[in-house]
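Engineer: Return a 3D structure for these sequence lines:
(chains A and B)
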Amino acid sequence: GNSVTQMEGPVTLSEEAFLTINCTYTATGYPSLFWYVQYPGEGLQLLLKATKADDKGSNKGFEATYRKETTSFHLEKGSVQVSDSAVYFCALIRYGGSQGNLIFGKGTKLSVKP
Amino acid sequence: EAGVTQFPSHSVIEKGQTVTLRCDPISGHDNLYWYRRVMGKEIKFLLHFVKESKQDESGMPNNRFLAERTGGTYSTLKVQPAELEDSGVYFCASSQVVKGGTGELFFGEGSRLTVL
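Structural biologist: Numbers count the residues shown, from 1 in each chain, chains lettered A, B, ... in the order given. This next block holds a predicted model:
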């Protein structure tokens, strides 16, 4: 079946540290891949996405590259800020699937200390 | 512009009781989705409305769950009777219908349900 596995949290970093949150997926065909973020007291927001192999999604300094050979979509940021503290969810939509039927990972909580 | 709003933010009920969760999507969004996150587990898709019609309800766990979207505006999700395993956070999302697919999903903050 289709599934998403992301690294267990919580992750605690100091401001300006480098961030990597690992995400791997299992899916038939070529899914679309997403990172969503949930800031405290808010709903999930789309952070970035990639729809085909080797695509790089980027937003707010975050990047993730769709790697078909390793079935991965790791989230990276070169220098995190306190305001990046949130829960990050990796997700996919299976190829040919309903566009709103997202399959999520369990989420990774990030805390950034000043 | 108002985002997706959900009510109540938190509900505590006893096993066997009924709870109704409400979602108001962004105005003009024909697509409306319900998701659920049970503690320690992934966020799971429940169902999808296009206007008032159920497009995909493959994620609904059982017949204790009833979703409606009368008039194609707000939606309700009723759990009757509630069981302990229904505890979790219920998310609603909405999106526009765009050519070639679905626009970005906008999520509400979620309704936390605790069944004692």
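
Engineer: Pass me the low-pLDDT residue ranges in the chain, would you?
Structural biologist: In the absence of a named chain, this looks at chain A. Across chain A, residues meeting the criterion (pLDDT under 70) sit at A:95-99.

Engineer: I was after chain B.
Structural biologist: The model of chain B has pLDDT under 70 over residues B:1, B:98-103.

Engineer: Get me the contact residues on it for chain A.
Structural biologist: Residues of chain B lying near chain A by Cβ under 8 Å from any Cβ of the partner chain: B:3-4, B:31, B:33, B:35, B:40-45, B:48, B:55-56, B:58-59, B:91, B:93, B:95, B:101-102, B:104-110. Every C-beta, even on glycine, is put in place using the N, C-alpha and C of the backbone.

Engineer: Chain A: strands as residue ranges?
Structural biologist: Per DSSP state E, chain A carries strands over the ranges A:3-6, A:11-14, A:19-21, A:23-26, A:32-38, A:44-50, A:56-59, A:62-65, A:75-77, A:86-93, A:103-104, A:108-113.

Engineer: Those: which one's closest to B:T73?
Structural biologist: strand A:44-50 (21.8 Å; Cβ to Cβ).

Engineer: quick one: strands adjacent to the closest one?
Structural biologist: Sheet pairing here is set by DSSP bridges, and for strand A:44-50 it gives strand A:32-38 (antiparallel).

Engineer: now the partner strand and strand A:108-113, what's the angle there?
Structural biologist: Inter-element angle recorded for strand A:32-38 and strand A:108-113: 50 degrees (by axes from the mean of the first three to the mean of the last three Cα atoms, to 10 degrees).
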